[in-house]
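> How does the following fold in three dimensions:
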Amino acid sequence: MRKRIAILGSTGSIGTQALNVVDQHSDILEAYILTAGKNASLLVEQARKFRPYAVTIADEQQYDFVKDALADLPIQVYAGEEAICQIVDNAHIDLVLVSMVGFSGLRPTLNAIRARKPIALANKETLVVAGQLVTGLAKEMRVPIIPVDSEHSAILQSLVGEDRRALEKILLTASGGPFRTYTAEQLSRVTPADALKHPQWTMGAKITIDSATLMNKGFEMIEACWLFDVRPSDIEIVVHPESVIHSAVQFRDGAIKAQLGVPDMRIPILYAFTYPQRLTLDSTRLDLFSLQAMHFERPDAHRFPCLQLAYEAFARGGNMPCVLNAANEVANLAFREGRIPFLQIPNLIARALAEVPFENRPTLEAYVACDKETRQRIWRFIDGAA
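Here you go, the predicted structure:
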């Protein structure tokens, strides 16, 4: 039987690449559930090609459009965010790929874990916001969380077959984004169009901006702590602009193991779908002979303060990573919409971390309330500044 996969966020960058992987291995993989936020047209196109059991569109206003467009096919159609949370309970699902953007991935992930569905996690915000809650529930339900981020997949691949007690340090690589060599003065003039031109990876708009601010690497540091049960002091961030080494681990004997490859997210997606097996993939191979050199630098926290804000939020714990994520999502969007300059992003996040009340052990309901309050505060800050 084919492995039945629920792809939450099928119309996004990760979701579309995941469907390419499914297409290449349709003999053993099946796109059983597809969900989307607002891109109803692409969701319909995907459904007509892959013929899933069901599709869900989060935007309820587009339910009729999707329903009518698929009326000639035996595909169940649902709408609303609650429907996405509920559909992961389907008894026939073998794996849930969480590739929704931002905070929206948290509740579906928790519901999938409660339903004892293995998770292929491409939504780093889920662990940033509620890592203790998510990983604790996964341990209780004995549900594996397999990372899809290229860096965390590389760490996992480097640890396969190793005694985790021998791990000394994780080397978390970063491309440095499009502004790696920019001065502070140059950063003050960058536009959203500039920030969306990533030098190596093709990603969604939100994560591309996070890469430009280095907040993405701060999120990945937090995610790595939860995934691999390490402390921030056990992780060294290494700027590697060529993006050939996707991350590495160093052991107590001094040996380093790394995973190398071309920048292609389909590689970690396929690995998550078939872990611990490896299958063939029609993709470009890394040509070592074409590499003239590889470079490694330390990140500059002065020019890119979002990285330090992530460390501070994680160190404080409680609801502070939730505040970090919510403030970043709003500031990121406001920059993309041209409402604030690039350098205002970390200032807004820092203000939220300073002003939102601290809560030590938040419940899911508390996380939801904190997320809402933080977003409202940031929009008020922005409107006040305007």
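> pLDDT weak spots in the stretch 151-300 of the chain?
Across the stretch 151-300 of the chain, the ranges flagged by pLDDT under 70 are 201-202.
> residue boundaries of the helices in it?
184-187, 192-195, 205-213, 215-228, 266-274 (DSSP state H, counting those that start in this stretch).
> Quick check: residue 343 touching residue 185?
No. Using Cβ atoms under 8 Å as the test, residue 343 is too far from residue 185 to be in contact (10.2 Å). Any C-beta I mention is one placed from the backbone N, CA and C, and that applies to glycine too.
> what ranges do the strands span in the stretch 201-350 of the chain?
Assigned by DSSP state E, counting those that start in this stretch, the strands in the stretch 201-350 of the chain fall at 235-239, 245-251, 256-260.
> a markdown table for the ones you listed, including distance to residue 384?
Converted to a markdown table, the strands of the stretch 201-350 of the chain look like this (distance: least, Cβ to Cβ, whole Å):
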| stretch | distance to residue 384 |
| --- | --- |
| strand 235-239 | 34 |
| strand 245-251 | 40 |
| strand 256-260 | 46 |
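> Which stretch among those is buried most, on average?
Among those, strand 245-251 has the highest mean neighbour count (mean count of other Cβ atoms under 10 Å), at a mean of 22.
> pull the CA atoms of that one into PDB?
Only the C-alpha atoms of strand 245-251 are listed here, as PDB (Å, rounded to 0.1, in the frame of the first residue of the first chain):
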ATOM      1  CA  ILE A 245      26.900  22.200   3.600                       C
ATOM      2  CA  HIS A 246      23.400  22.200   5.000                       C
ATOM      3  CA  SER A 247      24.500  21.700   8.600                       C
ATOM      4  CA  ALA A 248      26.900  19.400  10.500                       C
ATOM      5  CA  VAL A 249      27.500  17.900  13.900                       C
ATOM      6  CA  GLN A 250      30.700  17.700  15.900                       C
ATOM      7  CA  PHE A 251      31.400  14.800  18.200                       C
END
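> In TSV, list the helices of the stretch 151-300 of the chain along with distance to residue 167 and mean neighbour count.
Output for the helices of the stretch 151-300 of the chain, formatted as TSV (distance: least, Cβ to Cβ, whole Å; neighbours: other Cβ atoms under 10 Å):
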stretch	distance to residue 167	mean neighbour count
helix 184-187	35	12
helix 192-195	34	16
helix 205-213	26	24
helix 215-228	8	24
helix 266-274	20	23
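> looking at those, which is closest to residue 15?
Residue 15 lies closest to helix 266-274 among the helices of the stretch 151-300 of the chain, at 9.6 Å (Cβ to Cβ).
> on contacts alone, who are the packing partners of the closest one?
helix 13-24, strand 95-98, strand 119-121, strand 145-147, helix 150-159 (3 or more Cβ pairs under 8 Å, 6 or more residues apart in numbering; DSSP states H and E).
> right, and those - which one's nearest residue 371?
Of all the helices and strands packed on helix 266-274, strand 95-98 sits nearest to residue 371, with 16.9 Å by Cβ to Cβ.
> Enumerate the positions of the helix or strand following the closest one that are buried.
Once the chain leaves strand 95-98, the next helix or strand it forms, by DSSP states H and E, is helix 106-114. Neighbour-count burial for helix 106-114 flags 106, 107, 108, 109, 110, 111, 112, 113 (criterion: 16 or more other Cβ atoms under 10 Å).
> What sits closest to the second one if chain neighbours are left out?
Spatially, and ignoring its direct neighbours in sequence, residue 107 is nearest to residue 85 (4.9 Å; Cβ to Cβ, 6 or more residues apart in numbering).
> Run a quick neighbour tally on residue 362.
Counted with other Cβ atoms under 10 Å, residues neighbouring residue 362 total 20.
> Nice, that's everything, thank you.
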